[in-house]
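Novice: Sharing a sequence plus its predicted fold:
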Amino acid sequence: MGSCTFEVGSCGWAVTGSRYWRRGTSTPSSSTGAARAADGTWFYFLETSSPSRAGTVSYLVSPALASVRSVSFKYHMHGKSMGTLSVEACLTNCVSSSAKWRLLWTKRGQQQPYQSSTWRLSGAVALPAGTKRMRFRGLAGSPSTSDMSIDTIAFQARARYCAVTIQAFGTKAAAEIYCARNSPANNGKCTGVYDEKCDSKGVFYACADKGAFPESSENSCVYTGTLPVLPVIADCCARPTCAAC
């Protein structure tokens, strides 16, 4: 889903919990928060003035995610009673009140000495495979002096496997040439060339001649992980033996 600096809206991010996350160009308090956005003009901050109180939890929840590998963002945490900022991920039933969220990253207490201090970059925070949504969890410290801020959220896509079939190209050499020319997600490098088959129920199996899939069992030659992006999967399923696909 790319990146967002909140210049033209929320980018689909939703405020839940105690709902004290605010989109703005500055924080209203003079002794906490960021003086300006990290990039552009707008950012999100946790408003901790009354009626917020110490221990109040608010969430800034992402839109639905698919095939994301990691997230990075800029944060600002100036305030003598700064609370805790955390990143959490959810894999299933993420809009349910009973959803389970996994803690991935956290910072506690003041991180910047001044409102005008430079924003910090989180670095790449790895997201579990299958992450459907992520959220920022803002735990307020003492009222009025724990306005934490978020800006410039960027997602990195999970790399697609470059996997092609020998059968579709006739020879291994031809398959490797195609793979090398059509794998921008792997910087032009071929992850592997595979033989393949479909079972009677239409389940796709991939057999690695180089063992490039860590989820594959070379003994049974069965791919057990998430189905990779295969440009010739239609060819597999068009064959008589794969009619069930």
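Specialist: Arrived safely.

Novice: contacts for stretch 34-48?
Specialist: 5-7, 13, 20-28, 32-33, 56, 58, 60, 74, 76, 78-79, 83, 115-116, 119, 138, 140-152 (CB atoms under 8 Å, 6 or more residues apart in numbering). Every C-beta, even on glycine, is put in place using the N, C-alpha and C of the backbone.

Novice: nope, stretch 18-25 is what I meant
Specialist: 6, 9-10, 15, 36-37, 41-48, 52, 56-60, 136, 138, 140.

Novice: mind listing what's buried in it?
Specialist: Neighbour counts over stretch 18-25 (16 or more other CB atoms under 10 Å) mark 18, 20-22, 24 as buried.

Novice: Kindly indicate which of those residues lies nearest residue 87.
Specialist: residue 21 (13.9 Å; CB to CB).

Novice: and the closest one, how far is that from residue 123?
Specialist: Distance of residue 21 to residue 123, computed by CB to CB, to the nearest Å: 22 Å.

Novice: List just the nearest of the buried residues of stretch 18-25 to residue 107.
Specialist: For these, the nearest to residue 107 is residue 21 (16.1 Å; CB to CB).

Novice: Over to residue 31. Which of the three states is it?
Specialist: What DSSP: H, G, I helix; E, B strand; the rest coil gives for residue 31 is coil.

Novice: Could you do the one 4 residues further on as well?
Specialist: Following three-state DSSP, the label given to residue 35 is coil.

Novice: Pull up the gap between it and residue 29, please.
Specialist: 11 Å.

Novice: Residue 113: how many residues sit nearby?
Specialist: 8 (other CB atoms under 10 Å).

Novice: count of residues packed around the nearest residue to it once chain neighbours are set aside?
Specialist: Spatial nearest neighbour of residue 113, excluding adjacent residues (CB to CB, 6 or more residues apart in numbering): residue 78 at 7.0 Å. Using other CB under 10 Å, residue 78 has 24 neighbouring residues.
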